[in-house]
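# My questions are about this predicted structure, shown below with the sequence.
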Amino acid sequence: MNEKPINLFTNQVRSEWVRLQTLIFLRWMAIVGQIIAIVAAQYFLTLNLELGYCSIAIGASILFNLLAGFLSPTNKRLSQKATILSLLFDLSQLGVLLYLTGGLSNPFSLLLLAPVTISATALTLNATLFLGGYAVIITTLLTYFHLPLTFQNGAIEVLQPLFIWGNWTALVIGFIFLSGYARRVTVETFSMSQALAATQMALDREHKLTVLGGVVAAAAHEMGTPLATIKMVATELEEELDSNEDLRNDARLIREQAVRLSEILRDMGRTGKEDLHLKVAPITEVLREAAEPHTNRGKIITTMINGVPISESIGSIPNLPRQPEILHGLRNLVQNAVDFARHNVWIDITWTEETIRILVADDGKGYPNDFLGRIGDPFLRRQKTKKDPARPEYEGMGLGLFIAKTLLERTGAQLIFANGTSTVAPNATFEFATGAVVSVIWIRKDILANTELGPKNIPVQI
């Protein structure tokens, strides 16, 4: 599966994440908090604040909110530029209030972290760096320029420089750590939602193909009788038109085309009936169906039972549900093996009374060592990308393996990824496999619990 790398914070992918109503609501909360803090400081802590200037700063925020609410619809989503301007206003307004109320000696200076954190979760890296740098500048200026906290009795509260610069250091570290943490969590959450959406699309496609098979079977059944009639009439006309060679050739052509169409419908009908009615099948048949799209891609695919080619195996073979999740998941594993194999891909089936295990291995280079602990996560990216000269166009991001892992785990399977030389890989079976090895294990009683074709027929009493 060719998967192009994606940038989760481009405008095309973001599609304007930030809703104006959200920022307006948060700003109203900040305004209420600022008013309560100033009133409490003035009348309960007996501080002598510049109430006039503080009221102007808070009033500017109120006016900004009112204009934003009246001039734009409530469901408007902001562009990146508009979001940056809005967050710049919030930082500036908060900086002015802190200047009027003691600078970094004011414990509410930690609120400078909020706009930068919002930027880290919703804007590009450059925008976050810009807002973070602006917040650091405001924080630095507040260490030097601010009105001291003065009590109504004339006493001035002055903190030691150690505490002021300690607060500055804590804020700068907070800008870096919280924004980096929030951005990392947002990237992982968004990439997971994108990958799950792709998984659901793949599963929906598999379900639609299954339903389409049933439609094809029904169509083939319904058209069988008319085609048989056409063939019979064409044969009779061909026998009766001995004297007219042209008409006889036309009747023969009609019969031959009717025969050809019957064969096509028979093949389509057979596939459709399998998709519609065959709920379970021997594991070998399920694997054959899953691997069929990749059998003619220049690699040798060998299916074995307990390490022995199927043609040499003896004994009954357990069934496996023909669920779209299993078919699509196994197909993705086989595709990945064929993609990276040099010459051979091996599929080995083993089972006991308790478990059923399917192993898919190849003779390629195996999984990169720095990937082994993260296989199954979507959109993997190596720090140093080295393109495979045999397949220079391939830029795998792990989405195919994520879809396979997710779909198979929905059926109760456990997946183990390893390399052929790893101690995790079953060396007794795959001593010849030097590449990647995937082990898919089901609890036998669980996977076969709901695979009965239906209730048994009850004899009619006459």
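Thanks, I have the structure now.
# Okay, strands next: where are they in this structure?
In the chain, the strands defined using DSSP state E lie at 149-150, 156-157, 280-282, 300-305, 308-309, 319-321, 344-351, 355-362, 414-419, 436-443.
# Distance to Asn167, mean pLDDT and mean neighbour count added to these, as CSV?
From N, CA and C alone the C-beta is placed, and that goes for glycine too. As requested, the strands of the chain are exported to CSV (distance: least, C-beta to C-beta, whole Å; pLDDT from 0 to 100; neighbours: other C-beta atoms under 10 Å):
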stretch, distance to Asn167, mean pLDDT, mean neighbour count
strand 149-150, 14, 84, 18
strand 156-157, 14, 78, 10
strand 280-282, 68, 78, 17
strand 300-305, 65, 86, 17
strand 308-309, 72, 74, 11
strand 319-321, 62, 82, 21
strand 344-351, 61, 88, 22
strand 355-362, 57, 90, 23
strand 414-419, 48, 86, 18
strand 436-443, 52, 89, 22
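# can you tell which of these is closest to Val185?
strand 414-419 (25.0 Å; C-beta to C-beta).
# So which residues lie in contact with the closest one, not counting its own?
Around strand 414-419, the neighbours that count as contacts under C-beta atoms under 8 Å, 6 or more residues apart in numbering are 366-367, 372, 375-376, 401, 404-405, 408-409, 424-425, 434-442.
# what's the answer for stretch 21-31, then?
58, 61-62, 64-65, 68-69, 74-76, 78, 83, 86, 90, 94, 111, 114.
# tell me which residues in that stretch are buried?
Neighbour-count burial for stretch 21-31, counted by 16 or more other C-beta atoms under 10 Å, picks out 21, 23-24, 27, 30-31.
# Ok, stretch 139-151 next?
In stretch 139-151, counting by 16+ other C-beta under 10 Å, buried: 139, 142-143, 146, 149.
# Relative to Leu320, how far out is Lys279?
10 Å (C-beta to C-beta, to the nearest Å).
# what's the answer for Asn296, then?
24 Å.
# same thing with Ala258?
Counting by C-beta to C-beta, the gap from Ala258 to Leu320 is 39 Å.
# Can you give me the neighbour number for Leu129?
15 (other C-beta atoms under 10 Å).
# With Tyr181 instead?
Tyr181: 12 neighbours (other C-beta under 10 Å).
# any idea of the pLDDT on it?
In this model, Tyr181 is scored at 88, pLDDT.
# Also the one 4 residues further on?
Listed pLDDT for Val185 reads 83.
# With Ser119 as the reference, measure out to it.
14 Å.
# do you know how far Ala258 is from Thr235?
Here the criterion is C-beta to C-beta. By it, Ala258 lies 10 Å from Thr235.
# And those two? Which one has more around it.
Taking other C-beta under 10 Å, Ala258 and Thr235 do not tie; Ala258 has more neighbours (20 against 15).
# Contacts only, for the more buried one.
227, 230-231, 234.
# quick check, nearest of the residues you listed to Ala341?
The nearest member of the contacts of Ala258 to Ala341, counting by C-beta to C-beta, is Leu227 at 43.7 Å.
# and that closest one, how many neighbours?
16.
# hang on, it packs against Leu261?
Yes - applying C-beta atoms under 8 Å as the test, Leu227 and Leu261 come out as touching, 6.0 Å apart.
# Can you tell me which of the contacts of Ala258 lies closest to Leu131?
Nearest to Leu131 out of the contacts of Ala258 is Leu227 (C-beta to C-beta; 71.1 Å).
# From Gln257, how far out is the closest one?
Noted for Leu227: a distance of 10 Å to Gln257, by C-beta to C-beta.
# So, low pLDDT: which residues of the stretch 201-350 of the chain?
202-222, 224, 265-278, 311-315 (pLDDT under 70).
# can you do 50?
Along the stretch 201-350 of the chain, the model assigns pLDDT under 50 to residues 272-277.
# so what's Thr101 closest to, chain neighbours aside?
Closest residue in space to Thr101, ignoring its immediate chain neighbours: Leu49 at 6.2 Å, by C-beta to C-beta, 6 or more residues apart in numbering.
# Give me the neighbour count for that neighbour.
Neighbours of Leu49 (other C-beta under 10 Å): 19.
# what residues are up against it?
38, 41-42, 100-101.
# ok, so what distance separates Asn319 from Asp370?
With C-beta to C-beta as the criterion, Asn319 and Asp370 are 39 Å apart.
# likewise Gly166?
39 Å.
# for Leu67, same thing?
51 Å.
# Return the residues in contact with Ser109.
Ser109 neighbours (C-beta under 8 Å, 6+ apart): 98, 103, 139, 142, 167, 171.
# Next: Ile358.
283, 287, 330, 347-349, 439-440 are the contacts of Ile358 under C-beta under 8 Å, 6+ apart.
# Please repeat the previous calculation with a cut-off of 7 Å.
Residues near Ile358 by C-beta atoms under 7 Å, 6 or more residues apart in numbering: 347, 349, 440.
# what's the answer for Asn336, then?
Asn336 makes contact with 400-401 under the criterion C-beta under 7 Å, 6+ apart.
# can you pull out the helices in this protein?
11-14, 20-43, 51-71, 80-100, 113-122, 125-144, 161-240, 245-277, 283-291, 324-340, 399-410, 444-447 (DSSP state H).
# got those as JSON lines, with distance to Ile305 columns?
Shown next, in JSON lines, are those (distance: least, C-beta to C-beta, whole Å):
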{"stretch": "helix 11-14", "distance to Ile305": "46"}
{"stretch": "helix 20-43", "distance to Ile305": "58"}
{"stretch": "helix 51-71", "distance to Ile305": "68"}
{"stretch": "helix 80-100", "distance to Ile305": "57"}
{"stretch": "helix 113-122", "distance to Ile305": "52"}
{"stretch": "helix 125-144", "distance to Ile305": "52"}
{"stretch": "helix 161-240", "distance to Ile305": "26"}
{"stretch": "helix 245-277", "distance to Ile305": "22"}
{"stretch": "helix 283-291", "distance to Ile305": "8"}
{"stretch": "helix 324-340", "distance to Ile305": "16"}
{"stretch": "helix 399-410", "distance to Ile305": "20"}
{"stretch": "helix 444-447", "distance to Ile305": "15"}
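# Out of these, which is closest to Ile310?
That would be helix 283-291 among the helices of the chain, by C-beta to C-beta, at 6.0 Å.
# Can you list the helices and strands that the closest one packs against?
Using 3 or more C-beta pairs under 7 Å, 6 or more residues apart in numbering; DSSP states H and E, the elements in contact with helix 283-291 are strand 300-305, helix 324-340, strand 344-351.
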